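Turn this into a structure:
(chains A and B)
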Protein chains: 2
Amino acid sequence: MRNVTRENITEVFTGYFGPETDPRVREVLISLATHLHDFAREVNLTHDEWRVGLDFLEWAGRITNPERNEFVLLSDVMGLSSLVDMLHSVPETTSSSVLGPFHVSNPPPMPMGGDLKRHYEGQVVLVQGVVRDLRGNPIPGATIDIWQTAPNGMYSSQDPKQDIHSFHALMTADENGGYAFTTVRPVEYTVPNDGPVGKILDAAGRHPWRPSHLHFIVKADGFRSLVTEVFPDDDPYLDQDTVFGVRDDLVMKYVEQPAGTFPEEGFALSGQVPDAYAKVDFDFVLADG
Amino acid sequence: MRNVTRENITEVFTGYFGPETDPRVREVLISLATHLHDFAREVNLTHDEWRVGLDFLEWAGRITNPERNEFVLLSDVMGLSSLVDMLHSVPETTSSSVLGPFHVSNPPPMPMGGDLKRHYEGQVVLVQGVVRDLRGNPIPGATIDIWQTAPNGMYSSQDPKQDIHSFHALMTADENGGYAFTTVRPVEYTVPNDGPVGKILDAAGRHPWRPSHLHFIVKADGFRSLVTEVFPDDDPYLDQDTVFGVRDDLVMKYVEQPAGTFPEEGFALSGQVPDAYAKVDFDFVLADG
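So this is what the prediction gives:
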């Protein structure tokens, strides 16, 4: 043991564990050390490169604050956040996707057919769908927490011109599991790229863009909570989301509707949308809890 | 590509690189992502565990300051620092070992035979040896930067009772490549364990101790600089250094010398050591630069 070598160091690391160690802690740490050591050996990591890596982590620490977590962003752009999501997704249910840092607590309730865009301009988008279980049964009373960017590409927490609950709302599904609201299109935006993560993206020749999306958290008693995002099929960044959030089943379509066809009742905007509008149908399927 | 899955995410990550990326950056980042993804899949990393990992990094960021770098310590206890050292060591030369955080700039020069312990009490230890090249030739004029703990287990930078250059000195090898000085034994000590790294050690059932050691940086024109540590063969933590720094060729022996045999000249302490003392012989072999 005394002679630690480049070949046996992982074994030495494993030999250091105490007999009382929680088996899961042991499993996770041994796997982590094994891959860290294999990585260093595989690329023959130099002292200078090791130092650069440590400096990046230190910089990430300095730039992290309650509003910005550079370590989460690092996990996002390395694909780790999305991979952890996917590892625990349940087949045949709606895929989960990254929560992101822009969710706001205590969103204001919005009634069925409510309007999320409020005073913002732009073509009206009518979003509707049903929350179901794996067997196809509707889930009445499911709550649907919704948030998105304003048309300027900013979430309320990033934008001093928006109040904190702008483009945030909480709906409750009706007796048929249905939900419906109006909004305007969210827009693509860049992840924060003025810190170490931005340097990594630059070095890799990667852009910092995310495709536009609507965020949802769908919850119901007896079911697993679903944190997800829904992306339009015509977004230019759909195939290269810098945080790897897009899944086939999370892609939706803006379907153009002719002028004069907006529903005459059931919506806050009924009677106020003479022009063409777009419709999105998106159902959620929750896994049993 | 659009449908990122748990199986293809590493491939998607690889596909995101720009055509102009530096080949080494590409190689290192792809290997890092591959091992990160393999780790997550191998242990089926949960959201809660992912969150714990990110919280640890955030905590490490908060606790890091110019005097304490928790990321370096994390690398040390995971074995990464030692592995990087070992990957770049040259066979047949003295092994390198971790620099650690306690080196002080501009150590005061110490003449041949000087005394490092100054007013500290304890059995005198006479340390001597030769700096050589790979062909066995001495390297006159090599500089030997020496530092160690005081008998209380603290380095000068940790201990308000010591001046900053206490137990730090810079020697120059004589015309035969030789060096010699007196000191007292350094003592074993714990790495800082009141932060996230301490939590990891606790969870793994590991102690935070390092075996006692003398630190050296040996430099000479035309040779690779050597950063290393030398450990006594009777230290209780020799086989379980928490930062994996011990190598077979870095183990030395305190050889007891009878009372009345301390050299009568050539040492600052000549004529002042009537008692038994200990002698350490340790040669350094430098790689060609």
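
Nearest spatial neighbour of the residue of the stretch 51-200 of chain A at minimum distance from chain B, chain-adjacent residues omitted?
Closest to chain B within the stretch 51-200 of chain A is A:Gly61: 1.9 Å, counting by Cβ to the nearest Cβ. C-betas here are computed from N, CA, C, even on glycine. In this structure, A:Gly61 finds its nearest non-sequential neighbour in B:Gly61, 1.9 Å apart by Cβ to Cβ, 6 or more residues apart in numbering or on different chains.

just checking, the residue of the stretch 51-200 of chain A closest to chain B touches B:Leu57?
Yes. Counting by Cβ atoms under 8 Å, A:Gly61 touches B:Leu57, with 7.4 Å between them.

so what sits against both of these two?
A:Phe71 (Cβ atoms under 8 Å, 6 or more residues apart in numbering or on different chains).

and A:Arg24, what helix or strand is that in?
Per DSSP states H and E: A:Arg24 is located in helix A:23-43.

chain center to that helix, what's the gap?
Centroid separation for helix A:23-43 versus its chain: 27 Å, with Cα atoms, centre = their mean, to the nearest Å.

again, but for stretch A:233-243
Averaging C-alpha positions (Cα atoms, centre = their mean) puts stretch A:233-243 13 Å from its chain's average.

what sits against the residue nearest to A:Gly61?
Applying Cβ under 8 Å, 6+ apart to B:Gly61 gives the contacts A:Leu57, A:Glu58, A:Ala60, A:Gly61, A:Arg62, A:Thr64, A:Phe71, B:Glu70.

Which helix or strand contains it?
helix B:47-63.

Could I get the average pLDDT for that helix?
For helix B:47-63, the mean per-residue pLDDT is 96.

now do stretch A:211-219
For stretch A:211-219, the mean pLDDT works out to 98.

Would you mind pulling the contact partners of that stretch?
The set of residues external to stretch A:211-219 that reach it, using Cβ under 8 Å, 6+ apart, is A:94, A:99-100, A:102-103, A:127, A:131, A:142-149, A:183, A:185-189, A:225-232, A:235-238, A:241, A:245-246, A:284, A:286.

What separation is there between the closest residue to A:Thr149 other than its chain neighbours and A:Ala150?
Leaving aside its sequence neighbours, A:Thr149 sits nearest to A:Pro186 (Cβ to Cβ, 6+ apart; 4.7 Å). Distance of A:Pro186 to A:Ala150, given as Cβ to Cβ, to the nearest Å: 8 Å.

thinking A:Gly79 is in contact with B:Phe13, fair?
Yes. At 4.9 Å, A:Gly79 counts as touching B:Phe13 under the criterion of Cβ under 8 Å.

Buried residues of stretch A:86-96, list them for me.
By neighbour count on 16 or more other Cβ atoms under 10 Å in any protein chain shown, the buried set for stretch A:86-96 is A:Met86, A:Leu87, A:Ser89, A:Thr93, A:Thr94, A:Ser95, A:Ser96.

mean confidence score for it?
Confidence for stretch A:86-96, expressed as mean pLDDT, is 93.

Let me see the residues that make contact with that stretch.
For stretch A:86-96, the external contacting residues (Cβ under 8 Å, 6+ apart) are A:85, A:134, A:218, A:224, A:226-228, A:247, A:249-250, A:283-287, B:4-6, B:9, B:40-41, B:44-47.

what about burial for those residues, which qualify?
For those, buried by 16+ other Cβ under 10 Å: A:85, A:218, A:224, A:226-228, A:247, A:250, A:284-287, B:4, B:6, B:9, B:40-41, B:45.

Among those residues, which lie within helices?
A:Asp85, B:Ile9, B:Ala40, B:Arg41 (DSSP state H).

In which helix or strand does the residue lying closest to A:Leu74 once chain neighbours are set aside reside?
Spatial nearest neighbour of A:Leu74, excluding adjacent residues (Cβ to Cβ, 6+ apart): A:Val197 at 5.4 Å. Using DSSP H and E, A:Val197 maps to helix A:196-203.

Show me what counts as buried in that helix.
Using 16+ other Cβ under 10 Å as the test for burial, helix A:196-203 gives A:Pro196, A:Val197, A:Gly198, A:Ile200, A:Leu201, A:Ala203.

so the fifth one makes contact with A:Asp194?
No. Proximity of A:Leu201 to A:Asp194 does not meet the contact threshold set by Cβ under 8 Å, at 11.0 Å.

Which pLDDT does the model give the residue nearest to A:Leu74?
A:Val197 is assigned 97 on the pLDDT scale.

And A:Met1, by the same measure?
At A:Met1, the model reports a pLDDT of 49.

In contact with the residue nearest in space to the middle of chain A: list those residues for me.
The centre of chain A sits closest to A:Val98, judged by Cα atoms, centre = their mean, with a distance of 2.4 Å. By Cβ under 8 Å, 6+ apart, the contact set of A:Val98 is A:Asp76, A:Ser81, A:Ser82, A:Asp85, A:Val227, A:Glu229, A:Val243, A:Gly245.

re earlier: okay, and which of the buried residues of stretch A:86-96 map to helices?
Counting by DSSP H, the buried residues of stretch A:86-96 place A:Met86, A:Leu87 in helices.

Tell me which two in the buried residues of stretch A:86-96 are the farthest apart.
Between any two of those, the greatest separation by Cβ to Cβ is 16.0 Å, found for A:Leu87 and A:Thr94.

Get me the contact residues on the stretch 101-250 of chain A for chain B.
A:200, A:203-206, A:238-242, A:244-248 (Cβ under 8 Å from any Cβ of the partner chain).

Do I have it right that A:Asp248 meets B:Asn3?
Yes. Using Cβ under 8 Å, A:Asp248 is in contact with B:Asn3, at 4.0 Å.

helices or strands up against the helix or strand that the helix holding A:Val197 is followed by?
Using DSSP H and E, the helix or strand that follows helix A:196-203 towards the C-terminus is strand A:209-210. With contacts taken as 3 or more Cβ pairs under 8 Å, 6 or more residues apart in numbering or on different chains; DSSP states H and E, strand A:209-210 sits against strand A:189-190.

isn't there a helix covering A:Thr14?
Yes. Judged by DSSP: H, G, I helix; E, B strand; the rest coil, A:Thr14 forms part of a helix.
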